[in-house]
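1. fold the following.
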Amino acid sequence: MSEVRYFEKNDDGAVRFWRIRRDGIRCHMSWGQVDGRTQGSSMTLDDLAHAERHVARKIGEKQRQGYVEVTPPVLVEADEMADAPLLDVMRVHEDKRYAGAWDAYWAGYAAVDGRAGVFAKFFDFRGGPGPFYEYLVLSADERRGLQFVVKQPGHDLRTMSALLDFVCPRTELAFDGRSHHKLPAPIGRFDHVLLRAPSLCGNRYGGRMAGATPIFDCEIGDQDTETLVEARLQGRDAMPSTSWDREPYPVIDLKFDLRSANGFADLGGRTSLQEKKFKVYRRSMLERGIGLLSAATPDSTFEIRNFRREILTLTPADVGPQTPAEIGRFLLGDAAGERH
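-> Below is the predicted model of the structure:
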């Protein structure tokens, strides 16, 4: 059940607002000037208690800034468009940004041959992310949809056709409040598909837009919570989900208790380094941690958890020339044999 709190502040004659909505462990904030442009952000917390503390803390911050809680305005538009096609909802949302925004946004989208309700647009960016394709797949009733991006080097028509064969009849699966992990349908080099809930796509267009991403088996765990799925897609070591010519980007969850009697030279003499709970980390931290472990006291431990939630526990005595290969096999699982 959603909890919504709404606040306003008179800022030199301009009325500014701030709204926070909590849906379980997800918190969505929006802010801006009343009757003006709105910005927003979303966050997934560790658990319900963490989400409730987050809401209380953010409300306290805004109240100290002079915001006062008032009755939120009735969002008539949301009710009026409840049964409207997604493209109409998108048009209304985009045109709120500036006059003609929808025409600029939709320009270049074209229907995909032989695919009812599927559209694609090519963005010829030479800098930054580089050229990419953006796809939109509408649901059967056209009220909701999936959107995903494919960078040009990995854009293969056979892979795209296979993905659309799989995704088109399953669009509604992404709208039951959670992401569906690793649906078993090989797509080119990938062996699974992740359907991402709207909350993992920024809750765009009133939560009507979800996402789809082909993944390798080792990249998302079947038991991963939505918080972990979000971390793997958007966190400190997010997989390059728009690059479809990539190698596997396996789950790397780390927990460690590293100690040194004389201080770690790589840490400027610091004598300990701890992570008490498993968290998502970059591969660089894995490599650095193994290096520190080799110089740590005998009772130090370094734990690695893979996509199957199996745990590999290493001590200084376990570190040797074979360690990197052992860790690679552990992280990749079945895929390790296919790549060696």
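2. do a quick rundown of the helices in the stretch 201-340 of the chain.
-> 204-207, 226-234, 283-294, 323-332, 335-338 (DSSP state H, counting those that start in this stretch).
3. helices or strands up against the longest one?
-> It refers to helix 283-294. Helix 283-294 makes packing contacts with strand 253-264, strand 301-305, helix 323-332 when contacts are defined by 3 or more Cβ pairs under 8 Å, 6 or more residues apart in numbering; DSSP states H and E. (Each C-beta comes from the backbone N, C-alpha and C, glycine too.)
4. of those, flag the one that's most buried.
-> strand 301-305 (a mean of 20; mean count of other Cβ atoms under 10 Å).
5. could you give the separation of that strand from the chain centroid?
-> Relative to its parent chain, strand 301-305 has a centroid offset of 24 Å by Cα atoms, centre = their mean, to the nearest Å.
6. kindly report the same for stretch 187-196.
-> 16 Å.
7. hmm, back to that, right, so the helices of the stretch 201-340 of the chain: which one is the most enclosed?
-> Of all the helices of the stretch 201-340 of the chain, as judged by average neighbours under mean count of other Cβ under 10 Å, the leader is helix 226-234 with a mean of 20.
8. quick one: Ala296 and Asp253, what's the gap?
-> 20 Å (Cβ to Cβ, to the nearest Å).
9. pretty sure Ala51 is in contact with Arg21, am I right?
-> No: applying Cβ atoms under 8 Å, one finds Ala51 not in contact with Arg21, separated by 11.1 Å.
10. now do the shared contacts for these two.
-> Common contacts of Ala51 and Arg21 (Cβ atoms under 8 Å, 6 or more residues apart in numbering): Cys27.
11. Ala197: which of the helices of the stretch 201-340 of the chain is closest?
-> Comparing the helices of the stretch 201-340 of the chain against Ala197 with Cβ to Cβ, the closest turns out to be helix 226-234 (7.4 Å).
12. restrict the closest one to CA atoms and write it as CSV.
-> Extracted in CSV, the C-alpha atoms of helix 226-234 (Å, rounded to 0.1, in the frame of the first residue of the first chain):
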residue,chain,number,x,y,z
GLU,A,226,14.6,-6.3,-5.8
THR,A,227,17.2,-4.3,-3.9
LEU,A,228,20.0,-6.6,-5.2
VAL,A,229,18.5,-6.6,-8.7
GLU,A,230,18.5,-2.8,-8.7
ALA,A,231,22.1,-2.8,-7.4
ARG,A,232,23.2,-5.1,-10.2
LEU,A,233,21.5,-2.9,-12.8
GLN,A,234,22.2,0.5,-11.4
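13. ok, residues contacting it?
-> Residues contacting helix 226-234 (Cβ under 8 Å, 6+ apart): 25-26, 44-46, 178-179, 181, 194, 196-197, 199-200, 213, 219-221, 224, 238-239, 241, 251, 253, 280.
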